[in-house]
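# With the input below, show me the fold.
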Amino acid sequence: MVREQYTTVTEGFHLERPESQHVYKIGIYGWRKRCLYLFVLLLIATLTVNLALTIWILRVMWFSPTGMGYLHVTPDGLRLEGESEFLFPLYAKEICSRVDSSLLLQSTQNVTLSARNSEGEVTGRVKVGPQMVEVQSQHFRISSEEGKPLFTAEEQDIAVSTGRLRVTGPEGALFEHSVETPLVNAVPFQDLRLESPTRSLSMDAPRGVHVKAQAGKMEALSQMDIVMQSTDGVLVLDAATVGLPKVKQGTRGAAAGSPHGFYEICVCPDGKLYLSVAGEATTCEEHSHICL
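Got it, this is the predicted structure:
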């Protein structure tokens with residue numbers, strides 16, 4: 001409370017104070033004062049709670065001068081330690097692992113890697129799902145460490161550029177259509193088998209087909225016919241012994257005309273072979289009824 005007083009003091013002069021005085025009260029009283037104190041208390045409590053929450057978030061999120069938790073900011077970009085989970089798409093120019101560890105991408109549904117152009121259109125995509133791995137691209141290529149292409153797949157052509165293609169499955173390789181190759185070779189000490197269970201097997205070459213078994217035998221089995229044809233050359237069977245155990249004979253035995261048991265092979269007009277007892281001259285005409 002402040003009182004305004006006007007007093008003039010002069011030496012030898014006495015002035016009496018007037019009876020009327022003006023008193024002005026300055027301040028906040030009553031319910032306004034109580035509201036102000038309550039507001040200040042609420043403000044202090046709010047600041048205290050905010051400060052406590054900020055400190056708690058900093059401790060939980062592991063904020064540090066170099067980053068946040070396992071995420072560190074380096075001059076080369078961001079470095080992430082340990083396992084992390086991304087709930088939304090991740091956009092990055094390059095993702096690489098540490099030198100002493102591998103990079104693992106794992107998902108409960110599928111993992112999809114997409115490449116887009118400047119207009120946002122997908123130009124390439126790799127999708128790894130629980131049942132299938134799907135690659136969507138115009139060209140697919142697998143290269144060696146030196147950069148040599150090993151496997152290339154395009155819309156019209158598939159190329160395997162390695163020196164040897166090995167199929168280690170117990171059932172071998174299954175081809176629904178034609179196969180073009182300069183060499184078909186078996187694994188060492190294993191048999192090579194070319195089989196068509198329900199259709200025919202045909203081997204064609206413009207300059208000949210060479211079949212060679214270096215340490216074993218060669219068998220050609222068919223339920224119906226085996227046709228070996230040469231349009232411009234001859235068919236040569238070059239071996240120490242050529243055996244035809246089931247060829248029909250023109251006579252009943254060797255004693256019928258050949259005391260030494262020699263035979264000659266005769267050919268019918270349709271290509272059928274039969275045996276005829278050898279004599280001083282050919283005896284094929286005598287037993288030509290086999291061709292009927």
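# so how far is Asn117 from Thr123?
Distance, Thr123 to Asn117, by CB to CB, to the nearest Å: 5 Å. Quick note: C-beta positions are derived from backbone N, CA and C, even for glycine.
# of those two, who's got more company?
Remark: of Thr123 and Asn117, Thr123 carries more neighbours, 12 against 9, as counted by other CB atoms under 10 Å.
# What residues sit buried inside whichever helix or strand that one is part of?
In this structure, Thr123 sits in strand 122-128 according to DSSP states H and E. By 16 or more other CB atoms under 10 Å, strand 122-128 has no buried positions at all.
# how distant is that strand from the center of its chain?
Mean C-alpha position of strand 122-128 versus that of the full chain (CA atoms, centre = their mean, to the nearest Å) differs by 11 Å.
# any idea which helix or strand comes after it?
Once strand 122-128 ends, the next helix or strand along the chain (criterion: DSSP H and E) is strand 133-136.
# Now do that next one: which elements does it pack against?
Secondary-structure packing of strand 133-136 (3 or more CB pairs under 8 Å, 6 or more residues apart in numbering; DSSP states H and E): strand 122-128.
# okay, now the closest residue to Cys96 other than its chain neighbours: neighbour count?
Of all residues not flanking Cys96 in the chain, Leu103 sits nearest, at 6.9 Å (CB to CB, 6 or more residues apart in numbering). Using other CB under 10 Å, Leu103 has 8 neighbouring residues.
# what residues are up against Leu103?
With contact set as CB atoms under 8 Å, 6 or more residues apart in numbering, Leu103 has these partners: 95-97.
# where does it land in three-state SS?
coil (DSSP: H, G, I helix; E, B strand; the rest coil).
# From Pro269, how far off is it?
Taking CB to CB, one finds Leu103 at 73 Å from Pro269.
# Tell me the spacing between Lys127 and Ser114.
Going from Lys127 to Ser114 by CB to CB gives 9 Å.
# Also His210?
Taken as CB to CB, the span from His210 to Ser114 is 49 Å.
# neighbour-wise, which of those two wins?
For His210 versus Ser114, neighbours defined as other CB under 10 Å are more numerous around Ser114 (12 against 7).
# strands paired with the helix or strand in which that one is found, and their directions?
Taking DSSP H and E as the definition, Ser114 sits inside strand 111-116. Applying DSSP bridges to the sheet, strand 111-116 is found paired with strand 122-128 (antiparallel).
# which residues are contacting the partner strand?
The contact list for strand 122-128, computed with CB under 8 Å, 6+ apart, reads 110-117, 133-138.
# same check, this time on stretch 162-181
150-151, 185, 187, 193.
# and which of those is nearest to Arg79?
Of all the contacts of stretch 162-181, Leu150 has the smallest distance to Arg79: 32.8 Å, by CB to CB.
# Report the secondary structure state of the closest one.
Three-state call for Leu150 (three-state DSSP): strand.
# That one: neighbouring residues, count only.
Count around Leu150 with other CB under 10 Å applied: 12.
# my read: it touches Ser143, true?
Yes. With contact defined as CB atoms under 8 Å, Leu150 reaches Ser143; the gap is 6.3 Å.
# which residue sits closest to Pro269, ignoring its sequence neighbours?
Sequence neighbours aside, Cys291 is the residue nearest to Pro269 in space, at 6.6 Å (criterion: CB to CB, 6+ apart).
# What backbone torsions are found at the one you found?
Backbone geometry at Cys291, expressed as degrees, to the nearest 10, gives phi -80, psi -10.
# so who does Leu275 touch?
Leu275 neighbours (CB under 8 Å, 6+ apart): 244, 247-250, 263-266.
# Distance of Pro188 relative to Pro65?
Distance, Pro188 to Pro65, using CB to CB: 63 Å.
# Mark out where each domain of the chain begins and ends.
Split into domains by automatic domain parsing, the chain comes to 2-64, 245-292.
# same question for the last one, mean pLDDT?
Mean pLDDT, computed over domain 245-292, is 70.
# just stretch 154-162 next, same as before
On average, the pLDDT along stretch 154-162 is 82.
# Put the alpha carbons of that stretch into PDB.
Backbone C-alpha positions of stretch 154-162 (Å, rounded to 0.1, in the frame of the first residue of the first chain) are rendered in PDB as follows:
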ATOM      1  CA  GLU A 154      16.500 -63.000 -72.200                       C
ATOM      2  CA  GLU A 155      13.100 -63.100 -73.800                       C
ATOM      3  CA  GLN A 156      14.300 -65.000 -76.900                       C
ATOM      4  CA  ASP A 157      17.500 -66.800 -75.700                       C
ATOM      5  CA  ILE A 158      19.100 -68.400 -72.600                       C
ATOM      6  CA  ALA A 159      22.900 -68.800 -72.600                       C
ATOM      7  CA  VAL A 160      25.100 -70.800 -70.300                       C
ATOM      8  CA  SER A 161      28.700 -69.500 -70.800                       C
ATOM      9  CA  THR A 162      30.500 -71.900 -68.500                       C
END
